[in-house]
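Chemist: model this:
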Amino acid sequence: MSLQRGLTTYRQTQVQSRTPLELVVMLYDGALTFLHQARAAIERGDIAARRDASSRAIAIISELQSTLNMEQGGEIAQRLDDLYVYVNGRIIAAAAENRVGPIDDATRVLTVLRESWVAIATPAAEAPVRGAA
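Modeler: Numbers count the residues shown, from 1 in each chain. Modelled structure (predicted):
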């Protein structure tokens, strides 16, 4: 088995063995990773790397946004949607202006959201399974 196929299999297993809340945290982790890459690319003047990392971060944020249930989620879903729109706007501004400030803004928002999701996911992961002896 090639190293790349092994990594792909590992990632698939990692995703398939997670709870939905843990998957949300993984998405935030991915978005933050790509924002850090975009920031580093801006600092070193690598436009292609900035574009790639920014596009990947936007794709993840768009995925998070698409999973919102606006009817059942009510005000919370609407506020998350507003934050995702803001974050995507900051990423686009960073690319248009080739500045790290907007990336830092997006990173701050996503870091706070990630920490909130971790707090929600942790009790769910630690809860005892019903009927377990």
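
Chemist: gap between Val118 and Val24?
Modeler: Taking Cβ to Cβ, to the nearest Å as the measure, Val118 and Val24 are separated by 9 Å. C-beta: built from backbone N, CA, C; applies to glycine.

Chemist: the two: which is more packed in?
Modeler: The neighbour count for Val118 versus Val24, taken as other Cβ atoms under 10 Å, is higher for Val24 (19 against 15).

Chemist: quick one: neighbours of the residue lying closest to that one once chain neighbours are set aside, just the number.
Modeler: Setting aside the residues directly before and after it, Val24 is nearest to Trp117 in space (Cβ to Cβ, 6 or more residues apart in numbering), at 5.1 Å. Trp117 sits with 18 neighbouring residues when counted by other Cβ under 10 Å.

Chemist: longest helix of the chain?
Modeler: When every helix of the chain is counted residue by residue (DSSP state H), the longest turns out to be helix 70-97.

Chemist: just give me how far that helix sits from the chain centre.
Modeler: Averaging C-alpha coordinates over helix 70-97 and over its chain gives two centres that are 12 Å apart (Cα atoms, centre = their mean, to the nearest Å).

Chemist: I am finished for the moment; much appreciated.
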